[in-house]
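[1] take a look and give me a structure for this.
(one chain, ligands or ions: 1)
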Amino acid sequence: MTKNIQNQLFIITILFFLIGIVHISFSIIGLLCFILPFILYYKTKDKVWCKYYCPRAGMFVKLLSKISLRKKAPKWLTGQRIKKIVVYYFGINVFFATMSTIMTSIGKIEAIDYVRFLIVFKAPFELPQLMDINMPMGLIHFSYRIYSMMFTSVIVGIILGIIYTPRIWCVICPIQTLTTKKM
Ligand code: SF4
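    Numbers count the residues shown, from 1 in each chain. Take a look at the predicted model:
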């Protein structure tokens, strides 16, 4: 039987946000959170990642279990429509991140050097960079995009988790939706 170590892995989520402060290019490791769930699902035909390993869900549980108001989730939050919207949002986000990275790499647009919330909004803080490493601008840009995706999902997940239940984000998480069944 697979051991459930999800709640212990919450620290990986914290570390992810911290290594982005050391140097944003380390955030590329966040791609694993998008790729591993699908690899595991493909191999096992089960939501192994969501059940046993996801560090983001582990962080929601660790952080919010004691403070969540545990209000009943409204219908709009548990219905199919919102799941579809979040999957489309995720797809658009990946598309923009990929295309803008290509454009940055060929010098057509400038790399972003800040974190974004919900694709377009500039986060109200600067991400300090403790290391000065020379990296291709395309990689810098893509790393900020990955960091921004994780940042957005964690902020939305925390807000929803405080109001409803700690893992309410999982109900609308695109990875959950895409590894469940046809929408
Ligand atoms: S639904 Fe999303 S946040 Fe929840 S466990 Fe799965 S991948 Fe993690």
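[2] residue ranges of the helices in the chain, please?
    In the chain, the helices defined using DSSP state H lie at 10-22, 31-44, 48, 55-64, 75-78, 80-105, 137-163, 169-172, 174-178.
[3] closest one to I112 among those?
    helix 137-163 (5.0 Å; CB to CB). The C-beta positions use only the backbone N, C-alpha and C, and glycine is treated the same way.
[4] on that earlier part again, can you say which of the helices of the chain is packed in most?
    Of the helices of the chain, the one with the most neighbours on average (mean count of other CB atoms under 10 Å) is helix 55-64, at a mean of 22.
[5] CA atoms only for that helix - export them in CSV, please.
    Taking C-alpha atoms only, helix 55-64 is exported to CSV below (Å, rounded to 0.1, in the frame of the first residue of the first chain):
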residue,chain,number,x,y,z
PRO,A,55,2.9,19.1,-1.2
ARG,A,56,0.5,21.9,-1.9
ALA,A,57,-2.5,20.0,-0.5
GLY,A,58,-0.2,19.0,2.4
MET,A,59,0.5,22.7,3.0
PHE,A,60,-3.2,23.6,3.0
VAL,A,61,-3.9,20.9,5.6
LYS,A,62,-1.0,21.9,7.8
LEU,A,63,-1.6,25.7,7.5
LEU,A,64,-5.4,25.8,7.6
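[6] which helices and strands sit right next to that helix?
    Here helix 55-64 touches helix 10-22, helix 137-163, helix 169-172, going by 3 or more CB pairs under 8 Å, 6 or more residues apart in numbering; DSSP states H and E.
[7] swap the cut-off to 7 Å and go again
    Helices and strands touching helix 55-64, by 3 or more CB pairs under 7 Å, 6 or more residues apart in numbering; DSSP states H and E, are helix 10-22, helix 137-163.
[8] V94: what's it in contact with?
    Applying CB atoms under 7 Å, 6 or more residues apart in numbering, we find V94 in contact with no residue.
[9] next one: N4
    N4 is in contact with K51, Y52, counting by CB under 7 Å, 6+ apart.
[10] which non-adjacent residue is nearest the residue sitting nearest the centre point of the chain?
    In the chain, the C-alpha nearest the mean C-alpha coordinate belongs to M150, at 3.1 Å (CA atoms, centre = their mean). Distances taken as CB to CB, 6 or more residues apart in numbering put G30 closest to M150, at 5.1 Å, once the chain neighbours are dropped.
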